[in-house]
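K.L.:
quick one, what's the 3D model for this:
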Amino acid sequence: VGSVPLPNNSETSVLALKARTLAGMASKTSSTNKPKRIAHAPSLQSTTLKRPVIPTEFGAKVPTNIRQRYLNIFIDECLKFCSSAQEAFDKALSEEKVAYERSTSRNIYLNVAVNTLKKLRSLAPNSPSRSALYRRLKEYLLTEDQLKENGYPMPHPEKAGRAIVFTAEEKKTTDSSCRICCRCGTEYMVSASGNCIRKEECLHHWGRLRKQKVPGGWETHYSCCSGAVGSPGCQVAKQHVQDGRKESLDGFVKTFEKLPATDGYPGIFALDCEMCYTKQGLELTRITVINSDLKVVYDTFVKPDNKVVDYNTRFSGVTEEDLANTSITLRDVQAVLLNMFSADTILIGHSLESDLFALKFIHCTVVDTSVVFPHRLGMPYKRALRTLMADYLKRIIQDNVEGHDSSEDARACMELMIWKIKEDAKVKR
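P.N.:
Numbers count the residues shown, from 1 in each chain. The predicted structure is shown next:
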């Protein structure tokens, strides 16, 4: 599962794929280079190493429990700027030992310890180191149960290259030639090749249903036109479309274990994908990956495997012209990502399962901002990324009429998690 199918066994084919993959990485400077849109330090309580303990002394000048409490606080601060947990432990032990040796009584120890704590906090950078950030983000990783509950693609236990989904199946028809439009809910017929048999416009609401408090109760309406539930759609599309991603569970690849990096840092990335509707459903049209420094490390348009029936530009920002000259395929993208990520790499995204389905990519080391910042009503409700940025970072994103920008959304997810780590650290102090 961890490998990408390559063209037939010829060195020429392999070299051709490599060339196309490199072209995809380079394309961010040309094919995806659009005007940039500017959107209008924590402690670690857990580690794989056992924390040091102050030995109990008979007749000690400072009670052991007080020394232990300050040692733990020193460790929390040292973890913010030390490159490893062991280094943080050694630094904290050294500082606590000095504080103890300089003290002749409990009260003097408390004063010295407070000054030591101030000194350590002044050493901590505003932004955590890569290794420190990785350790802290591990606290927010989705558990296996959360991955299943949120509908993430999981590896099939028997069939290599196939994914399984544990959430309840969506509404389907018994007729293999019948589809249900994911925008308006209308049933429509398709040929064996997936083309609509009858030309029929799709009248739908492109906005979300939102609840609004009114005198005497609550009202639910669409965000696009304020229409009530059941009202005629406000948008007309040329034809009906389907999602289709969860019906096509073959062709998946899975990240695999790699030798640990010399600095012990497996990587942290945020990613976001854009998709269009083809005759077989939603397919990938653009992917952007950013690192923990908010720098774009991979950004390319992607050619869908099937005929495009709706470029979904309102949401994706991708147009027909954007895809006209790209030759990068989904398999090329998978090859790049498998090289870039390992099974231990932390991937951050908002409802990231949607992106992983588009990528046909299985990865279980995930931080999902839609789970870290849950909806007050709980599942299956989720807060929009735009709402999270406005509520917590006081910034407006996705404010362009030309559609979303995958780099903007990926950066927003990374910034939200860095903010979250710092805020949670304040509570732990």
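
K.L.:
excluding chain neighbours, what is closest to residue 180?
P.N.:
Leaving aside its sequence neighbours, residue 180 sits nearest to residue 187 (C-beta to C-beta, 6 or more residues apart in numbering; 5.6 Å). Backbone N, C-alpha and C define where each C-beta goes, glycine included.

K.L.:
any idea how far that neighbour lies from residue 147?
P.N.:
32 Å (C-beta to C-beta, to the nearest Å).

K.L.:
have a look at the two and say which one is more surrounded.
P.N.:
residue 147 (21 against 11; other C-beta atoms under 10 Å).

K.L.:
which element, helix or strand, includes that one?
P.N.:
Assigned by DSSP states H and E, residue 147 falls within helix 144-149.

K.L.:
these two touch, right, residue 178 and residue 191?
P.N.:
No. At 11.7 Å, residue 178 does not count as touching residue 191 under the criterion of C-beta atoms under 8 Å.

K.L.:
picking that back up, what are the phi and psi values at the residue nearest to residue 180?
P.N.:
phi -80, psi 140 (degrees, to the nearest 10).

K.L.:
so who does it touch?
P.N.:
173, 178-181 (C-beta atoms under 8 Å, 6 or more residues apart in numbering).

K.L.:
reformat those as a markdown table; add pLDDT.
P.N.:
Output for the contacts of residue 187, formatted as a markdown table (pLDDT from 0 to 100):
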| residue | pLDDT |
| --- | --- |
| 173 | 64 |
| 178 | 84 |
| 179 | 84 |
| 180 | 84 |
| 181 | 81 |
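
K.L.:
count of residues packed around residue 200?
P.N.:
Residue 200 has 14 neighbouring residues, counting by other C-beta under 10 Å.

K.L.:
now do the SS call for it.
P.N.:
For residue 200, the assignment made with DSSP: H, G, I helix; E, B strand; the rest coil gives coil.

K.L.:
find the centremost residue of the chain, please.
P.N.:
residue 349 (1.6 Å; C-alpha atoms, centre = their mean).

K.L.:
pretty sure it contacts residue 413?
P.N.:
Yes. Between residue 349 and residue 413 there is a contact under C-beta under 8 Å: 5.6 Å.

K.L.:
overlap in contacts, these two.
P.N.:
270, 272, 369.

K.L.:
top of these by neighbour count?
P.N.:
Ranking the shared contacts of residue 349 and residue 413 using other C-beta under 10 Å puts residue 270 first, with 28 neighbours.

K.L.:
quick check: which element contains it?
P.N.:
strand 268-278.

K.L.:
avg pLDDT for that strand?
P.N.:
Per-residue pLDDT values across strand 268-278 average out to 95.

K.L.:
so after that strand, what's the next helix or strand?
P.N.:
strand 281-291.

K.L.:
could you list the domains of the chain?
P.N.:
With automatic domain parsing as the criterion, the domains of the chain are listed as 11-40+133-165+254-428, 64-127, 178-242.

K.L.:
top of the contacts of residue 187 by number of neighbours, please.
P.N.:
Top of the contacts of residue 187 by neighbour count (other C-beta under 10 Å): residue 179, with 23 neighbours.
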